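> build me a structure from this.
(chains A and B)
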Amino acid sequence: MSRFDFIGAFNRWVHPGLLVVLVLLITYGAVFLQTAVRGDASWMRQIQGIVLGLILMAIAWMFDYRKLQDWLMPLFLINIILLISPRLPLIGQPTAAGVYRSIGIAGTGISLQPSEPAKIAMILLLGAIIARYGGSIDNWRTFGKVVGLSLIPFFAVMTQPDLGTALVFIIIMLGMLFVGGAKARHMTALIVGGTALIALVFWANSLTYDTVRPGDHLLIRNYQLTRLTAFLDQGAADPHRAGYDLNQSKIAIGSGGMTGKGLGEGTQSQLDFISERSTDYIFSVLGEETGFVGTTALLGLYLALLVIALAIGSTSSDLYGSLLCAGIVSMWAFQILQNIGMTMGLMPITGIPLPFMSYGLSAIVTNILACGVLFSVWSRRPYLSRTRGGAHEITV
Amino acid sequence: MTIESRINRRLFVLLVMVIVIVVVLAFRLWTLQIIQHDYFQNRADNNLRRLSTTASIRGRIFDRNGNPLVTNRPTMAVMAPALRIKNFEEFDQLSDSQQQWVHRLAETLDLSPEEVVARLTTTREGPLDLRLLAIDVPMPTVSYLVEHSNEFAGVEIEARAVRQYPEGNLAAHVLGYAGNISDKELNMAAFADYIPSDVVGKTGAERAFEHILQGVRGTRVLEVNAQGHLQRVIEETEPTAGQDIYLTICIDVSRVAQQALADALRTAQSNGFTDAQAGSAVVMDVRTGEVLAMVNLPTYYPEEFIDGIPQERWAELTDEDSNFPLTNRAISSMYPPASTFKSFMTFAIVDKLHWEPSKSFRCEGTWTGFGEQWPWRCWLRTGHGWMDMYASTIHSCDVYFYEAGRAFYLREDEEIQAAARAFGYGERTGIALPGETRGRVPDAEWKAYWNRDFPEYRQWVPGDTVNLSIGQGDMLATPLQLAYSHVPIANGGTAWQPQILHSIRDNRGEIVREMEPTLSENQPEFSDQAFLIVQRALRRVITDGTGRSAFRGFPIQVAGKTGTAEVGRRDPVTGERDQDSHALFVGYAPADNPQYVAAVIIEHAGGGGAVAGPAVRQIFAHLFGQEVELVLATDDSR
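Numbers count the residues shown, from 1 in each chain, chains lettered A, B, ... in the order given. The predicted model follows:
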């Protein structure tokens, strides 16, 4: 090959649809975030996150994901180290309330949330495990082994504690198990069993009422309970705390109407009725300021992103690639459902960032990195390239 | 099925789920943003709109000549958002920063943290309304609060107007005082459109003309953020200031009258009447019914009520030993009219008994007209000798009126009471001031009711009529009634409605409404002869009788009557009372062309001619351009 085949290389490496959607999403998120944070320093940090994410994406893109299949143990360790790092001395940044979610790099003021990149590590790890069974997990032992292995990082997140991210882990696991060939009855048993376990925890929690903490529960605190249940009565029972946020969010979105109030013009957003304006409730700001047009545009971009990710999964040259795509789609789909659903009273209130939109260095880096994984899978698909002789050659 | 197609099928299932999620979210967005948009738009608007009110400036009060009596003075009020606790006991529930905020405010405003919490936990206002924390705050404190506004989050400084009383305690009872509306008042129909932050008149003219003085408060529609902090004013209507009122009183006459009362009290005390602590004076224009002065001692400073009077001070002002400085004695206190009542007896004697003026009785100091076992004394124990109609009034002889009382008793027609009522006794005069009492004209019906629980005292007995005939005992009148009843005597038969309001003016001084003299509903119907006799008799009281001492050398012709009201319990053995009598004098001048009537009562000061007479003389001296001087007089009559 004396001459660089630009067209060929582009076709081989670049998924134009994914690239366009990614650029649009990053742009949409960055532009909108700037109005939401009203030009404070956090916007520059987000831009830095985007740049860092794009660099990591390029590395992931170049890297052949298939090699990772054999890195089971390193992936597992990376995952666990990420999840327990907030408890490590020097870098751990516990909050006053005893929550260990962040690590900091001394002197930079940068605070990272390792559970975000851990989602990718989790997907890579689970994919590597599940892919070993060749697309059919047909007995309890195998199923149990996969579930058991993935529950270790799950519990590591729970100890932080971070219920939202833990839920994302569960959804990723379910999605990948499903694509990896788990039996319907195994999946059903897992979901029923998990639900029963959750019910048991809530029941046990109700027994601790007024024991150690006067007027409160021990395991799941009152404020956590009300956050989880506020969407059931649309905030009527607790209109001052959890219900307040929900009501203000709905008012913001609803008052946006068809075309919104204009960027920076949302009264709910700009006059502080929306708390966590740039993170958890950024969708409420979007709804108020850009209206139905702006919110459905975002939903459209998300739909395109997810469809493309699934398409890449179906063109993958191996099961591992399909599983990675399934995991990434599960992660995004759940976060989108949970975050947007929360702002509209469809889902319980948990702090899960909205992909590409919420402010957060770790989240934006992770999401762009996930696209790098998708590109990596796409670039290694079975590909008919034209040879000099005019014959087609399949490269794997 | 190949492994690839199976995986593709599973990925397709994921695709379906993704589409379902997006559709569900889009549908929810549709309902919120399109279908329910109006509802949420409305809620968003309500979220950031607050209705705030601006108090109107209360109308001022002037005397008839435009001298300011009650004005407004600008001041600074400190307002702060309410605390979300019920009372100080829940102080611990506040966050540390809020507790520090309270302590900082308390220290800066020189209040206790308890007081700050009490003022910021009131429940009468809306939850988001600012509470009044302190008023009349000194400028250095205001500057400090403004400069350190970051330490006093939510605290606002509001310019306000508070009442100012240039005349101090003068005529305080007529002016009254204003204060924050009470919970009780808020529930009253008269204050239906009032809000908890309003200031209302509590007593006196402030209360009587509340709806003229109040004005219309302004409203402001504000845009606030989630913390309730003001962003901008959306809409504003300016408050309309209340209208000014001009009272009929003349502040100069009032000042002289108040000084005359003070002099009279001092005189009485130097005469040995140490219980003489209180008095009341009323001056009316006999041609119009206008009240030129209405003063009482002791009095008070309405200024004390500006920021709500402290509990201890209120207790002090209403204590039994305080002599009730807050009471407008001129309309709220009742005294026996005593010998001043003889004039009204004379009307009844002339027109009902048809006695000739020359008809005479011999006064020997004791009268036994209802039998030897019930002797009645004239105040002059040695007796007046032969007394006719004129002499009996001039010298205030009781025996003549005992005889008349016996005649009325035998006629069984309660004609004395009818004559008293004809001149306004026993009924409110209807003056536009709050707290007026009716006084009392005793009759058989009243006595039966009064003693309903004591059957042995229910019967109207001859002694009751005898007592009534000299204005003692159960007969009671206010100082205003005393003056008012002499208006027709002075002007020859016309009862004018007592007026306190002269005119209403807007704040440019233009007259909005001017009061006209109004005839009383109840006019005394007596013969011209009766009026002439009483007028002549009252004139001769001053020239020849019990009032001579007080008006000796006074160049203005005065007509009037002294009175000495017996009060307290009578010792059955000695006949002595356990309290000193009240001194009364009521008179008008000039006698040949009457313009003003003045009534003065000095409590527990002995004979009316001795202290009340000189007080009236001082008032008339001022009214007719004479030098106001204190004369020492004597009077032993009753």
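
> in what helix or strand does the nearest residue to B:Glu627 once chain neighbours are set aside lie?
Closest residue to B:Glu627 apart from its sequence neighbours, by Cβ to Cβ, 6 or more residues apart in numbering or on different chains: B:Ala621 at 6.4 Å. Yep, even glycine has a C-beta here, placed from its N, CA and C like the rest. B:Ala621 is part of helix B:608-623 when elements are defined by DSSP states H and E.

> do stretch A:173-185 and chain B meet?
Yes - contact of stretch A:173-185 with chain B (Cβ under 8 Å from any Cβ of the partner chain) involves A:175, A:178-179, A:181.

> which positions in chain B make contact with chain A?
B:3, B:6-8, B:10-15, B:17-19, B:21-22, B:24-26, B:28-30, B:32-34, B:36-37, B:39-41, B:43-44, B:47-48, B:223-227, B:231.

> which parts of chain A are helices?
A:6-13, A:16-36, A:42-62, A:72-84, A:115-131, A:140-158, A:163-179, A:184-207, A:222-229, A:242-256, A:267-270, A:282-315, A:319-343, A:361-379 (DSSP state H).

> quick one: low-confidence ranges for the stretch 251-396 of chain A?
Within the stretch 251-396 of chain A, the segments meeting pLDDT under 70 span A:384-396.

> list the contacts of the residue in it that chain B sits nearest to.
Chain B sits closest to A:Gly254 of the stretch 251-396 of chain A, with a gap of 2.6 Å, by Cβ to the nearest Cβ. Residues in contact with A:Gly254, defined by Cβ atoms under 8 Å, 6 or more residues apart in numbering or on different chains, are A:287, B:32-33, B:36-37, B:39-41, B:43-44.

> 10 Å - rerun?
Going by Cβ atoms under 10 Å, 6 or more residues apart in numbering or on different chains, A:Gly254 touches A:268, A:284, A:287-288, A:344, B:29, B:31-44.

> one more: A:Leu177?
A:126, A:130, A:137, A:143, A:146-147, A:150, A:183, A:186-187, A:190, A:323, A:326, A:330.

> quick check: PyMOL command selecting the buried ones in the residues you listed.
Per 16 or more other Cβ atoms under 10 Å in any protein chain shown, the buried members of those correspond to this PyMOL selection:
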select buried, chain A and resi 126+130+137+143+146+147+150+183+186+190+323+326+330
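
> lowest average confidence, helix or strand, in chain B?
Within chain B, no helix or strand scores below strand B:49-54, which has a mean of 75 by mean pLDDT, DSSP states H and E.

> paired strands for it, with orientation please.
With DSSP bridges as the test, strand B:49-54 is paired with strand B:218-224 (antiparallel).

> any idea how far the helix or strand following the strand it pairs with is from the chain center?
Following strand B:218-224 in sequence order, the next helix or strand is strand B:230-237 (DSSP H and E). Taking Cα atoms, centre = their mean, to the nearest Å, one finds the center of strand B:230-237 at 40 Å from the center of the full chain.

> with stretch B:257-271 instead?
23 Å.

> swap in stretch B:73-81?
Worked out by Cα atoms, centre = their mean, stretch B:73-81 lies 28 Å from the chain centre.

> got it, and stretch B:454-464?
Using Cα atoms, centre = their mean, the offset of stretch B:454-464 from its chain centre is 35 Å.

> mind listing what's buried in it?
B:460, B:462, B:464.

> what about the residue nearest to B:Val282 when sequence neighbours are not counted, neighbour count?
Spatial nearest neighbour of B:Val282, chain neighbours left out: B:Ala483 (4.2 Å); criterion: Cβ to Cβ, 6+ apart. Close neighbours of B:Ala483, defined as other Cβ atoms under 10 Å in any protein chain shown, add up to 31.

> mind listing the helices for the stretch 301-450 of chain B?
B:311-318, B:329-332, B:342-348, B:389-394, B:398-411, B:415-422, B:444-450 (DSSP state H, counting those that start in this stretch).

> the stretch 151-300 of chain B too?
Under DSSP H, counting those that start in this stretch, the stretch 151-300 of chain B gives helices at B:172-175, B:183-186, B:204-208, B:210-213, B:251-270.

> now do the longest one against helix B:608-623: the angle between them, please.
Angle of helix B:251-270 versus helix B:608-623, following axes from the mean of the first three to the mean of the last three Cα atoms, to 10 degrees, is 150 degrees.

> list the contacts for the residue nearest to B:Val295 when sequence neighbours are not counted?
Excluding its sequence neighbours, the residue lying closest to B:Val295 (Cβ to Cβ, 6+ apart) is B:Gln258, at 4.3 Å. Neighbouring residues of B:Gln258 by Cβ under 10 Å, 6+ apart: B:167, B:169-172, B:279, B:281, B:293, B:295-297, B:299.

> nearest to chain A, of the residues you listed?
Of the contacts of B:Gln258, the one sitting nearest to chain A (Cβ to the nearest Cβ) turns out to be B:Ala172, at 48.9 Å.

> so the closest one sits against B:Gly204, correct?
Yes - with contacts counted by Cβ atoms under 10 Å, B:Ala172 reaches B:Gly204, the gap being 7.6 Å.

> quick check: neighbours shared by those two?
B:302, B:328.

> neighbours around the residue in chain B that chain A sits nearest to, how many?
Nearest to chain A, among the residues of chain B, is B:Phe40, at 2.6 Å (Cβ to the nearest Cβ). Using other Cβ under 10 Å, B:Phe40 is surrounded by 23 other residues.

> per-residue confidence at it?
Confidence at B:Phe40, expressed as pLDDT, is 92.

> turn the helices of the stretch 301-450 of chain B into JSON lines, columns for mean pLDDT.
Below are those laid out as JSON lines (pLDDT from 0 to 100):
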{"stretch": "helix B:311-318", "mean pLDDT": "86"}
{"stretch": "helix B:329-332", "mean pLDDT": "95"}
{"stretch": "helix B:342-348", "mean pLDDT": "95"}
{"stretch": "helix B:389-394", "mean pLDDT": "93"}
{"stretch": "helix B:398-411", "mean pLDDT": "93"}
{"stretch": "helix B:415-422", "mean pLDDT": "94"}
{"stretch": "helix B:444-450", "mean pLDDT": "92"}
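
> where does pLDDT dip in the stretch 101-250 of chain B?
B:126-128, B:227-230.

> nope, the stretch 1-150 of chain A is what I meant
For the stretch 1-150 of chain A, the ranges with pLDDT under 70 are A:1-3, A:39, A:96, A:106-107.
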